[in-house]
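# how would this look folded up:
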Amino acid sequence: MAVKIDKKIKGYSVLTPEDKAREAAAAVPVASVPRETVEKETPQDNIIQMHERIERPEVLIGSTYKIKSPLVEHAMYVTINDIVLNAGTEHELRRPFEIFVNSKSMEHFQWIVALTRIMSAVFRKGGDVTFLVDEMKAVFDPRGGYFKAGGVYMPSLVAELGAIVEEHMKSIGLIHDPEMSAHQRAILAEKRKQYEDRAKKNSDVSESSLPSPATAGEGARRADGGASSVSPGSSEDIAVTGDGASFPPSATLCHKCSTKALVIMDGCATCLNCGYSKCG
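Coordinates of the predicted model:
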């Protein structure tokens, strides 16, 4: 149908199907809802995060860890207390609140008190406090470090304290340790089995090469003023080094996991603890 336009055209626009649908929706009346009803139906998540204005409760839950280091005469006991935020809700959080170190040894008293007070202040400040672990584990003692149970190398006493803080943060879910996949575990188990089989084979060969007692005695009687000695072949047993971990006594330190579990397999340095291989 033709439409006659009597006025001057000043502008135009194309009406799309979306515009027609929008106009039809605007024409439908919407029932008003009271404000109280909307506020009641809207979920109110008052999630409490860790910050320095939170007061210390009367009772805190915590854990105590023991440090037995050759650098100190007496053992040290590290206590880390946690505060539970949003208890009983789906947003429940457990965060470290304070740390104490006790020992009979008074040699390191002043710097231990200073360190624990600073760490406790950082815990109460909130935010990401996991950086303390990396900073403390990177501290080296100029006198040298030591090996703890399990063959794990500790470069200093402060580094072991950082390892304890890391272990505690993992237990409360603040740090998530990436676990090895099933494929990586299978490869590591295969490497350990190959090394054990090779060590057992070397042991059997060395035992078979030893002469019997009768033959050894006859050879000694026939010797003219000389002494004969037989050196057995090099054999090595897998020895338990602590914490349920078993590694060869001659294993060296792995720079990736700081565990004394690095052995030479097929001409390549391989770690039996974390699976690290120098050859890739």
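# what's the burial count for residue 248?
19 (other Cβ atoms under 10 Å). Any C-beta I mention is one placed from the backbone N, CA and C, and that applies to glycine too.
# surely it and residue 264 touch.
No - shown here, residue 248 and residue 264 do not form a contact pair, counting by Cβ atoms under 8 Å, at 10.2 Å.
# low-confidence ranges, the stretch 101-250 of the chain, go.
Applying pLDDT under 70 to the stretch 101-250 of the chain flags residues 179-180, 204-246.
# ranges for the helices of it?
Applying DSSP state H, counting those that start in this stretch to the stretch 101-250 of the chain gives helices spanning 109-125, 131-137, 157-171, 182-209, 213-222.
# where along the protein do the strands fall?
Along the chain, the stretches classed as strands by DSSP state E are 61-67, 76-85, 93-103, 146-148, 152-154, 239-242, 245-247, 252-253, 260-265, 268-271.
# out of these, flag the one nearest residue 110.
When the strands of the chain are compared by Cβ to Cβ, strand 93-103 sits nearest residue 110, at 11.9 Å.
# direction included, what does the closest one pair against?
strand 76-85 (antiparallel) (DSSP bridges).
# of the strands of the chain, which is nearest residue 54?
So among those, strand 76-85 is nearest, using Cβ to Cβ, at 7.1 Å.
# list the buried residues in that closest one.
76, 78, 80-83, 85 (16 or more other Cβ atoms under 10 Å).
# quick one: least confident of these?
Within the buried residues of strand 76-85, pLDDT reaches its minimum at residue 85, with 91.
# quick one, grab the pLDDT at the residue nearest to that one when sequence neighbours are not counted.
Of all residues not flanking residue 85 in the chain, residue 93 sits nearest, at 4.4 Å (Cβ to Cβ, 6 or more residues apart in numbering). Residue 93 is assigned a pLDDT of 90 by the prediction.
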